[in-house]
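>>> Sequence and predicted model, in that order:
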There are 2 protein chains.
Amino acid sequence: MGRWEPNSRARLEQAAHELYLDRGFDRTTVADIAARAGLTERTFFRYFADKREVLFGGSGLLHDLLVESVGAAPASTAPLAAVVTALEAVGDSLFADRRDGARRRQQVIDANIELQERELIKLASLAAAVAAALRRRGVPDPAAVLAAEAGIAIFRTAFGRWIAEDSRTDLAGHVRESLAELKAVTAGG
Amino acid sequence: MGRWEPNSRARLEQAAHELYLDRGFDRTTVADIAARAGLTERTFFRYFADKREVLFGGSGLLHDLLVESVGAAPASTAPLAAVVTALEAVGDSLFADRRDGARRRQQVIDANIELQERELIKLASLAAAVAAALRRRGVPDPAAVLAAEAGIAIFRTAFGRWIAEDSRTDLAGHVRESLAELKAVTAGG
DNA sequence: TACGTTGACGACAGTCACTGACATCGTCCT
DNA sequence: AGGACGATGTCAGTGACTGTCGTCAACGTA
């Protein structure tokens, strides 16, 4: 047995989520989080770059899976189709049984501007990574960026509706709907 | 004559821009800025909510003009067309003779992640305002958000290319090009 | 002219996020 | 046994941001 309780990182994450949810993000200090986890402030910052990052630990996984999935599409697939197919697959495999958790997380983020800033930059870096994956498929530059950006916009609106709903529809369905909406909008304008 | 030099806000803005540009954002303290402007740190925070906000003073103007311009389009205009037309008009009238300034500003922002976060949330709030303006025109909700989001994506890529170029093309031209690219991408995928 | 009010700023103390340097002590390896 | 290692604690520091109060010129008003 080690000198300390195991799973420090998970304990910090758990403590932070709980405190953010009931006190709100800006009324919980890092010292609070560390104390609840039975650790010190300094240790918190060894696991998380800053107070916000606790809520975005899963974004790396989404990032990797999305890039991989875009790269794996048949060579003949059109750029936006490759992105949307990747979103459907990854979204379902990653979020299928976690809607309540996602809802709570989003509730915390929606209540705080700094957290929204962090979320936006994560999404922007996701878009950049998808654009790079498209370029590797031979898609030239303005198109690659725009297809990636459009894909992320689709994902955002789809995710929002998936979270807002009570009925048991899947995320992928919302993604397909949002794609259709976007196509209608760009065709008409 | 007042008890102090006039134009405190402008002096702080000037000092901040100069320091951000040559030392970089994170190696200049608010005390530095205030001292160069002949003021105190406390006064800086009376004019700017935080250290980043100094670089985003003009965003309110862009916000208002864009919303007004979207609202002023003929009722028959399609959503995305209204947004893009507004972007062309406002972009030209607001940035026409300020490309060098915009370039320097962007250089500072691109060098610092916190500033990119702030820029992204400004753009997101711009998109939200445009979506609201579209809703006032009777555009239903998924379409309004997607058209606004698409418009902002168009603006971002257009602005990026406008800044990167040396030749004297106008911003509106880049906006039209980006729109065409997006249409091609969404039609194909 | 005297006097009260206001507005812009300074002074000061305090909180909190975040960092660097170093100490501590189980665990593991030889 | 003994030394290297890894996870954590301790401590001191910087800097962003806030609340509170004091100051003083300008301005209006009696």
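Received the coordinates, thanks.
>>> Walk me through the domains of chain A.
Partitioning chain A according to automatic domain parsing yields domains covering residues A:8-51, A:58-188.
>>> most packed of those domains?
Mean neighbour count (mean count of other CB atoms under 10 Å in any protein chain shown) peaks for domain A:58-188 among the domains of chain A, with a mean of 18. Yep, even glycine has a C-beta here, placed from its N, CA and C like the rest.
>>> Now look at stretch A:154-165 and say if it contacts chain B.
Yes: contact of stretch A:154-165 with chain B is found when judged by CB under 8 Å from any CB of the partner chain, involving A:154, A:156-157, A:161.
>>> Tell me the residues of chain A that contact DNA strand C?
Counting by CB under 7 Å from any atom of the strand, the residues of chain A lying close to DNA strand C are A:1-3, A:28-31, A:41-42, A:45, A:49-52.
>>> The same query, at a cut-off of 10 Å, please.
Applying the criterion CB under 10 Å from any atom of the strand, the portion of chain A that neighbours DNA strand C consists of A:1-4, A:25-34, A:40-46, A:48-54, A:114, A:118.
>>> and those residues near chain B, which?
The residues of the residues of chain A next to DNA strand C that also fall near chain B, by CB under 8 Å from any CB, are A:Arg118.
>>> Just the ones in helices from the residues of chain A next to DNA strand C, please.
Taking DSSP state H as the definition of helices, the residues of chain A next to DNA strand C contribute A:30-34, A:41-46, A:114, A:118.
>>> Of those residues, which is the nearest to chain B?
Proximity of those to chain B was ranked by CB to the nearest CB; the top entry is A:Arg118 with 6.7 Å.
>>> Quick check: closest non-adjacent residue to the closest one.
If you skip the residues right next to it in sequence, A:Arg118 has A:Arg52 as its closest partner in space, 4.6 Å away by CB to CB, 6 or more residues apart in numbering or on different chains.
>>> before we move on, back to that, reformat the residues of stretch A:154-165 next to chain B as JSON lines; add secondary structure, pLDDT and distance to A:Ala72.
Below are those laid out as JSON lines (DSSP: H, G, I helix; E, B strand; the rest coil; pLDDT from 0 to 100; distance: CB to CB, whole Å):
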{"residue": "A:Ile154", "secondary structure": "helix", "pLDDT": "97", "distance to A:Ala72": "19"}
{"residue": "A:Arg156", "secondary structure": "helix", "pLDDT": "96", "distance to A:Ala72": "23"}
{"residue": "A:Thr157", "secondary structure": "helix", "pLDDT": "95", "distance to A:Ala72": "25"}
{"residue": "A:Arg161", "secondary structure": "helix", "pLDDT": "94", "distance to A:Ala72": "27"}
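>>> list the contacts for the most centrally placed residue in chain A?
Using CA atoms, centre = their mean, the residue of chain A that lies closest to the mean C-alpha position is A:Ser59, 4.9 Å off. Residues touching A:Ser59, when contacts are defined by CB atoms under 8 Å, 6 or more residues apart in numbering or on different chains, comprise A:122, A:126.
>>> Could you check how far the residue nearest to A:Arg118 is from B:Leu115?
Distance, A:Arg52 to B:Leu115, by CB to CB, to the nearest Å: 16 Å.
>>> which residues of chain A score low on pLDDT?
Screening chain A residue by residue with the criterion pLDDT under 70, one finds the ranges A:1, A:189.
>>> and stretch A:13-27, C-alpha only, in PDB?
Taking only C-alpha atoms (Å, rounded to 0.1, in the frame of the first residue of the first chain), the coordinates of stretch A:13-27 have been written out as PDB:
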ATOM      1  CA  GLU A  13     -12.200  15.400 -10.400                       C
ATOM      2  CA  GLN A  14     -15.100  14.000  -8.300                       C
ATOM      3  CA  ALA A  15     -14.700  16.700  -5.600                       C
ATOM      4  CA  ALA A  16     -14.500  19.500  -8.200                       C
ATOM      5  CA  HIS A  17     -17.600  18.300 -10.100                       C
ATOM      6  CA  GLU A  18     -19.600  18.100  -6.900                       C
ATOM      7  CA  LEU A  19     -18.500  21.500  -5.600                       C
ATOM      8  CA  TYR A  20     -19.000  23.200  -9.000                       C
ATOM      9  CA  LEU A  21     -22.500  21.800  -9.200                       C
ATOM     10  CA  ASP A  22     -23.800  22.900  -5.900                       C
ATOM     11  CA  ARG A  23     -21.800  26.100  -5.100                       C
ATOM     12  CA  GLY A  24     -21.100  27.100  -8.600                       C
ATOM     13  CA  PHE A  25     -17.700  27.400 -10.200                       C
ATOM     14  CA  ASP A  26     -16.600  30.800  -9.100                       C
ATOM     15  CA  ARG A  27     -17.600  30.200  -5.500                       C
END
